[in-house]
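Asker: 3D, please:
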Amino acid sequence: MPTSLSITHEFPAAPDKVYGLFTDRDFLQERLTATGGLDPAVDRLDVADGTATVVTRQSIPASALPSMVASMLPGDPVTERTENWRADGDGYAADFTVVIKGAPATLKGTMTLLPASAGSTLVVAGSASVPIPLFGGKVEQIVVEQVTALLEREDAYTVAALQK
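Answerer: Numbering: from 1, shown residues only. Just a heads-up that it's a prediction; the model follows:
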């Protein structure tokens, strides 16, 4: 059974301004570099007519993973995150996937960026799936913990950028 992910963040700016950062190649590259991971890169950024596709990649140092997980993967696992954004009323919404290359682990979900009294709110909801008997649930929890920690660092970086 997949493991759920649910996060809500507040930003001190309107959705249009936050979306502008989420679809800016320089900002994305700087955020990836600042928030950890090895060899971070923006692999693809297509923005047109109220939609955007963002594909980023970075490796997780095997040393940062629990030994049980690290032993199942060769080297430092590479994660690829794809976000497909679209205008949605007064805000924006995206479907996203996170794939760990070479491992049967995925995280899928949605992100919604909505107006709020102090600026905007980002709601992330998803679920991790690792179809490995006996260990799958434990690995799913680790995936959700790692992605949650990454999103926390990314959101702190975004707040700091908005306050400049």
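Asker: Could you report the neighbour count for Thr150?
Answerer: Careful, residue 150 is Leu and not Thr. Residues lying near Leu150 (other C-beta atoms under 10 Å) number 19. C-beta: built from backbone N, CA, C; applies to glycine.
Asker: and it, what does it touch?
Answerer: Thr35, Gly36, Gly37 (C-beta atoms under 8 Å, 6 or more residues apart in numbering).
Asker: likewise Ala125?
Answerer: Neighbour list for Ala125: Ser4, Leu5, Ser6, Gly109, Thr110 [criterion: C-beta under 8 Å, 6+ apart].
Asker: Top of those by number of neighbours, please.
Answerer: That'd be Leu5 among the contacts of Ala125, by other C-beta under 10 Å, with 21 neighbours.
Asker: Tell me the helices and strands packed up against whichever helix or strand it is part of.
Answerer: Counting by DSSP states H and E, the element that carries Leu5 is strand 3-11. Contacting strand 3-11 under the criterion 3 or more C-beta pairs under 8 Å, 6 or more residues apart in numbering; DSSP states H and E are the following elements: strand 105-116, strand 119-129, helix 136-162.
Asker: now those in CSV, with mean pLDDT and distance to Asp46?
Answerer: Converted to CSV, these look like this (pLDDT from 0 to 100; distance: least, C-beta to C-beta, whole Å):
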stretch, mean pLDDT, distance to Asp46
strand 105-116, 95, 17
strand 119-129, 96, 21
helix 136-162, 87, 20
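Asker: And those: which comes nearest Ser67?
Answerer: Of all these, it is helix 136-162 that lies closest to Ser67, at 11.2 Å by C-beta to C-beta.
Asker: can you give me how far that closest one is from the chain middle?
Answerer: Distance of helix 136-162 from its chain centroid, counting by C-alpha atoms, centre = their mean, to the nearest Å, is 7 Å.
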